[in-house]
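[1] I'd like to go over a predicted model; first the sequence, then the structure.
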Amino acid sequence: MSPAALLQIKMDSGSVSSFVVAHRIKTPSIRGMGPSDWRPFIYGGVSACVAEFGTFPIDTTKTRLQIQGGRCDAGQVITRKYNGMLHAMLKISHEEGIRALYFGIKPAVLRQATYGTIKFGIYYSLKQMLVQNQGEEHLGINIFCAVTAGVVSSAMANPTDVLKVRLQSGRKDFKEKSLLQAFVSIYRQEGIQGLWRGVLPTAQRAGVIVGVELPIYDMCKHYFIKMNILPDSASNHFLSSFISSLGGAVASTPLDVVRTRLMNQRKLKPSPAHINGTAVCTSRVYTSALDCMVQTVKFEGPLALYKGFIPTWLRLGPWNIIFFVTFEQLKKLY
């Protein structure tokens, strides 16, 4: 074979190799992440923590709006103080200081470091195990993986969620305590059940919100790419995450209201306890998630289950945008 022919073959081979490399980079897939790959867990956790920092004040206003009108530990109705998200944010800042908008940020970040890490790690790892080829991926598999990831991760991270909600609600019980002291305090006063207060609606909410958001995000992102509307870029990730957040807010807000009210409610262990000479109330207003939902609708109307919807959506939107854009950029390190 002539030297010219050999040179031509070498050039052709190089072109093919270059095409394959370029094709792999541009293809929106989860290849490269094996079932035992740690990267989806780490990148998911880091992205979740970054998103939590950026949207936490909105989450605080959502919590305050959701608990007002509900029942406190002693059975009294929690006074309505806020007329909406902006009013709540301004009033909290004025009366308690801007720092109050970040009460609970420590357990929130700890929650995302566990919940976010496990949730996204399980989701993408399960997809890798169940989907061999990108073309075989479909909605049913995505929903199954997302619901499983949401339920398992939220149940494991429930204690951090309980402490976060109680700090955000304005309680003064734990403000001067460290995370460890706060968890020990809940355990001593309420038992192990106190740390997993509201775990059922929390797991249900997580299953719903993750089961809606992640599949919608994946579907939108791949649809935009397939139809040549948007490439696999930050603009695609931005729009897809915004659309998925709307679906997540609509589906999850009723369960989020129930979860928040249950977590904010204490049931002390049946033992003699006094604070300043006054016996502590050990009765429980809501006996279950269903009872909480029924009482909320009965005394406040069906729309009460959508208290805090606007801040919920406005938080999920930026949260998902920050998360998915960060996550997609970290994936480029694969």
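    Looks like it arrived, so ask away. Residues are numbered from 1 along each chain as shown.

[2] Return the residues in contact with L163.
    By CB atoms under 8 Å, 6 or more residues apart in numbering, the residues touching L163 are 104, 107, 174, 179, 182-183, 186. (Glycine included, C-beta is placed from N, CA and C.)

[3] is it fair to say it lies in a helix?
    Yes - counting by DSSP: H, G, I helix; E, B strand; the rest coil, L163 is found in a helix.

[4] before we move on, the earlier item: by neighbours, which of the contacts of L163 wins?
    Counting neighbours by other CB atoms under 10 Å, the top entry in those is G104, with 26 neighbours.

[5] With distance to T326 added, can I get the contacts of L163 in TSV?
    Below are the contacts of L163 laid out as TSV (distance: CB to CB, whole Å):
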residue	distance to T326
G104	22
P107	21
F174	30
L179	25
A182	29
F183	28
I186	32
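
[6] Which parts of stretch 124-135 count as buried, going by neighbours?
    By 16 or more other CB atoms under 10 Å, the buried positions in stretch 124-135 come out as 124-128, 131.

[7] which of those residues sit farthest apart?
    Greatest spatial distance among the buried residues of stretch 124-135 (CB to CB): S125 and V131, at 11.2 Å.

[8] Can you list the low-confidence ranges for the stretch 51-200 of the chain?
    For the stretch 51-200 of the chain, applying pLDDT under 70 flags the ranges 71-76, 133-137, 175-176.

[9] And the helices in it?
    Remark: helices assigned in the stretch 51-200 of the chain by DSSP state H, counting those that start in this stretch are 85-96, 105-111, 117-130, 139-156, 158-168, 179-190, 192-195, 199-226.

[10] Pick the most buried one from those.
    helix 158-168 (a mean of 25; mean count of other CB atoms under 10 Å).

[11] how far is that one from where the chain is centred?
    13 Å (CA atoms, centre = their mean, to the nearest Å).

[12] likewise stretch 97-117?
    12 Å.

[13] For that stretch, measure first residue to last.
    Taking CA to CA, to the nearest Å, the first and last residues of stretch 97-117 lie 32 Å apart.

[14] same thing with stretch 221-237?
    End-to-end for stretch 221-237, by CA to CA: 7 Å.

[15] mind listing what the spatially closest residue to F309 that is not a sequence neighbour touches?
    Computed as CB to CB, 6 or more residues apart in numbering, the closest residue to F309 that is not its neighbour in sequence is T253, at 5.0 Å. Neighbouring residues of T253 by CB under 8 Å, 6+ apart: 305-306, 308-309, 312.

[16] Surely T253 is within a strand?
    No - going by three-state DSSP, the assignment for T253 is helix, not a strand.

[17] Use 20 as the first number from now on
    Okay, residue one is now 20; in that scheme the one you just asked about reads as T272.
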